[in-house]
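return atomic coordinates for the entry below.
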Amino acid sequence: MTRRMSTRLQPSGWIRQFLILLVAFAAGVCMTLLWTNQDTWMYSSASKHAVQRRRSLRGATTHVEDPKVLLDSPLQVPYNMHQASNERVYATPEPHGTKMPQFLAQGQHIVLDLYGVDAAVLDDEEGLANVSSALLHGLGMTILSIRSHKLSPQGVSITVTIAESHLTIHTWPEHGTALIDMFTCGATDLLVLVPNVVHAYGGKMKNARWALIPRGHAQLSDLDDFLVSKLHVRKRQLFSKQSKYQDVQIWSYRDSTAATQSVALFLDGQMQSSTVDEHVYHESLVHPAMLAHPSGAKRVAVLGGGEGATVRELLRYKSVNEVVMVDIDGVVVNASQRYLQQLNNCSFQKGVYKNCFDDSRTTLVIDDAFKWFDRQFPHSACKSTSEDNKFDVIILDLLDPELIPDAPFAKKLYSKDMMENLACALKSDGVFVSQFGEMPDAGDPDEMRRLLGKDAVIEDIADLYAWGGTKVYSTYVPSFRGQWSFVLACKTNECSQRFTDNEARVNLAIRQRISPQALPLRYFDGTVMQQYNVIPKSYEELFCYRKDPDVQTFCRWANRVEAAATLPEGDSEQFIEVVRTEVSEVDADGANRSMLVAAREIVQGEYIGIYDAASALRLHRRDFEALEAFATKYDSPEYHNVVNWLKRYGYGCDELDGGNFYVALDSKFTFANHACDRSAIAVDGAIAVEKEDDDSSVAWNPVILRRGREHCAATRALRTIKKGESILENYGTFDWLDNSMGIKKRTQSWCTRTTKNPT
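Okay, here's the model as predicted:
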């Protein structure tokens, strides 16, 4: 195309010089200087930490002193939240010797593509120039110059220089297309003006693609990052209101790969829920706790969750009589019922809407969670002796404890006192669950130090519930762009066992506990639950960043060297052998006629039981006891034989997952005999040499919980065992803690009837 420059709108020479000076001055005023020390960078030690701050606002419809502080202030988190220390994470090394910027020039940049515009409008140079002038004057901006070009054979190109920066437009009339670019470092909020700009140039919002890109910001909100700054995501603001507590916005959107439109809730710019995948988050939050409850929860409390989706999942259950939902922000609750009906639809049918908040079982409380709790339990839940006003399940859909240093609400919510009060507000078989924010990054030392406070909160929770009954699990939530974690705690062993049920048993429980009309679930099932049975590696790594000596003992044990490590697969126990022995006739219950001896010298402290763990059959204590009852009920000799075999060769491990029973299928340790003389004991299962029983030394212990088999079958030489020496152990430790299998009594009987070492 040939171009013709129009001189109609060009200023004369002296004015031009003046305007150049004015532009230079305006540019200087426009720069927002965020001065920092050259050796210190204001923001987090990694950019994703700032992202995690916004993600940890999930469910944050509760009062925070100043919500803007959570988005705009530098991330300042103590290394260890248990320490009253001024040591904080401010800095990150400058990559490859480069210097960090000393200032950030901030502004707003609109990129706008218009389609389907009348060709005459787009080919009218004077008209477009006048529209541009009127538009900018209407926005209160200072125009310094306008240069327009009429293109041949058709089309217009316009550049407007303004004191705040610039506006440009280029048109293709034959295609009905115009591309517009506008930047300002002024205070005008361009987001609310996008429709005005579209209409001013003859376009329609349904035919426009636009992006508003914040410039010079160290971190973007979810709203900016996910939607507003994306040109090829079609988006429309459905609702916007500043409530007493936060900025509430609801948007519909669809990117180029999506088949349908999605709707999302943003609080203070941070993503809370999206219809495209909210079911992943809410089903993961609710169903593990509801299915783990021993008898079926009847009364449930939800703190947060203003969209209503947590309530929706709870009302699927036949056993539920009441769900009390407490959220401080009525604006969120009301807006969600109008614009996010998928999240609070309890008809469980497409095309039919039944508001979950109108269900007779729902009690909606718009109030501060702490004030409500104080009304429920005026003198502390822990002083209440009646269980009538207590709950079967309590769900926290609130702030992530990562925000403890920044948000007074989070600090109070995750305090020891509040965690204890919540535990006391549960019935004796109750279950607690909380969303816990994005999972830490394994292998990132800065991340581990920064998030030690999360580990401390888990430890506080674990101290209040059944030993080994505190679970951490995670799932990927695409809208959050991260692996999201949850903490669940059981008051009973049965709850712990139900949490670790196999996939078929979980699927059976889903069908039995959930109303048929409320099925199927969209995401959660028995196979997903199997994934939740493994504590994420990053939480073990976070645990091992503690400096506590007991903790470090377990973490070293996780990386121990086993005797079997140097042996070939298929022959992992060459260091021991089984030999025949004689058994006294007084042993009426048929003891082993073999014994275990050392095939080489086994040195003190050597770990030798890994194959026993690897080859063992595992039964929940619940299943073991059900098998025994089944054999008795039907008086089946074969089943009695199985039970007797399990009791003779197996061992109970009482404090993991509510109790597990193990029996080795082909390990030689099956033939290690009982030592009647305690001084003859050669091996035991303690992890630390100086401790005989270390099971309960740490309430929250992901090292053990991730290695339940290895812990329960752990075998370590108490002293050096000579080659050919019999390997004896204490069968008394194989029983449940309540001694219900009677092993101790049985071994005492053996030892009084013979001077040998029967089994």
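
going by C-alpha atoms from here, please, whenever you check contacts or count neighbours.
Will do.

max-length strand in this protein?
strand 426-438 (DSSP state E).

now that one, how far from the centre of its chain.
14 Å (Cα atoms, centre = their mean, to the nearest Å).

give the buried residues for the helix or strand just after it.
Scanning forward in sequence from strand 426-438 by DSSP states H and E, the next helix or strand is helix 445-450. By neighbour count with 16 or more other Cα atoms under 10 Å, helix 445-450 contains the buried residues Glu447, Met448, Arg449, Arg450.

how close does the last one sit to Phe669?
Using Cα to Cα, to the nearest Å, Arg450 is found at 44 Å from Phe669.

picking up where we left off before, going by distance to Val642, which of the buried residues of helix 445-450 wins?
Using Cα to Cα, Met448 is the member of those that lies nearest Val642, at 47.4 Å.

skipping adjacent residues, who's closest to that closest one in space?
Leu542 (5.5 Å; Cα to Cα, 6 or more residues apart in numbering).

wait, that neighbour touches Asp455, no?
Yes - Leu542 is in contact with Asp455 according to Cα atoms under 8 Å; the separation is 6.7 Å.

the two: who's more crowded?
Leu542 (26 against 22; other Cα atoms under 10 Å).

for the most centrally placed residue in the chain, what are phi and psi?
Central residue of the chain (Cα atoms, centre = their mean): Ser485, 1.8 Å from the mean position. Backbone geometry at Ser485, expressed as degrees, to the nearest 10, gives phi -110, psi 160.

any idea what it is bridged to?
Per DSSP bridges, the residues bridged to Ser485 are Ser474.

could you measure from it over to Leu399?
Ser485 is 12 Å from Leu399, by Cα to Cα.

anything in contact with each of these two?
Common contacts of Ser485 and Leu399 (Cα atoms under 8 Å, 6 or more residues apart in numbering): Phe436, Gly437.

buried ones in stretch 221-232?
Buried, per 16+ other Cα under 10 Å, within stretch 221-232: Ser221, Asp222, Leu223, Asp224, Asp225, Phe226, Leu227, Val228, Ser229, Lys230, Leu231.

my guess is the second one meets Gln270, correct?
Spelled out, it's Asp222. Yes - using Cα under 8 Å, Asp222 makes contact with Gln270 at a distance of 4.9 Å.

got the contact list for the residue nearest to the centre of the chain?
Applying Cα under 8 Å, 6+ apart, the residues contacting Ser485 are Gln435, Phe436, Gly437, Glu438, Met439, Val472, Tyr473, Ser474, Thr475.

how close does it sit to Ala664?
Taken as Cα to Cα, the span from Ser485 to Ala664 is 34 Å.

in this structure, where is pLDDT below threshold?
Within the chain, the segments meeting pLDDT under 70 span 1-103, 218, 582-592, 688-697, 753-759.

doesn't the residue nearest to Met448 lie inside a helix?
Yes - Leu542: assigned to a helix according to DSSP: H, G, I helix; E, B strand; the rest coil.

which residues touch it?
Contacts of Leu542 (Cα under 8 Å, 6+ apart): Pro440, Met448, Arg449, Leu451, Leu452, Asp455.

burial of the nearest residue to Gly526 once chain neighbours are set aside, as a residue count?
Nearest residue to Gly526 in three dimensions, chain neighbours excluded: Glu503, at 3.9 Å (Cα to Cα, 6+ apart). By the criterion of other Cα under 10 Å, Glu503 has 15 neighbours.

go ahead and confirm Glu503 touches Tyr532.
No - in terms of Cα under 8 Å, Glu503 does not count as a neighbour of Tyr532; the distance is 11.2 Å.

any idea how far stretch 373-392 is from the chain center?
29 Å.

mind listing what's buried in it?
Those would be Phe373, Phe377, Ser380, Ala381, Lys390, Phe391, Asp392, for stretch 373-392 by 16+ other Cα under 10 Å.

cool, stretch 519-527 as well?
So for stretch 519-527, counting by 16+ other Cα under 10 Å, buried means Leu521, Phe524, Asp525, Gly526.

and of these, the nearest to Gly732?
Gly526 (36.1 Å).

got a list of what that closest one touches?
Asn502, Glu503, Ala504, Arg505, Val506, Asn507.

swap in 10 Å and give it another go.
Contact analysis of Gly526 by Cα atoms under 10 Å, 6 or more residues apart in numbering lists Pro288, Asp501, Asn502, Glu503, Ala504, Arg505, Val506, Asn507, Leu508, Ala509, Ile510, Tyr532.

biggest separation within those, which pair?
When Cα to Cα is used, the two most widely separated members of these are Leu508 and Tyr532, lying 17.4 Å apart.

now the helices for the stretch 301-450 of the chain?
Using DSSP state H, counting those that start in this stretch, the helices of the stretch 301-450 of the chain run over 309-314, 330-339, 369-376, 408-413, 416-424, 445-450.

and of those helices, who's closest to Glu125?
helix 330-339 (41.9 Å).

which strands and helices sit next to that closest one?
On a contact count with 3 or more Cα pairs under 10 Å, 6 or more residues apart in numbering; DSSP states H and E, helix 330-339 meets strand 234-242, strand 247-254, strand 262-267, strand 362-366.

return the shortest one as PDB; C-alpha atoms alone will do.
To tie it back to what came earlier, the one meant is strand 362-366. The C-alpha atoms that make up strand 362-366 are tabulated as PDB, following Å, rounded to 0.1, in the frame of the first residue of the first chain:
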ATOM      1  CA  THR A 362     -29.300 -26.000  55.300                       C
ATOM      2  CA  THR A 363     -28.700 -23.400  57.900                       C
ATOM      3  CA  LEU A 364     -27.000 -20.300  56.400                       C
ATOM      4  CA  VAL A 365     -25.300 -17.900  58.800                       C
ATOM      5  CA  ILE A 366     -23.900 -14.600  57.400                       C
END
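
that one to helix 330-339, inter-axis angle?
Relative orientation of strand 362-366 versus helix 330-339 (axes from the mean of the first three to the mean of the last three Cα atoms, to 10 degrees): 130 degrees.
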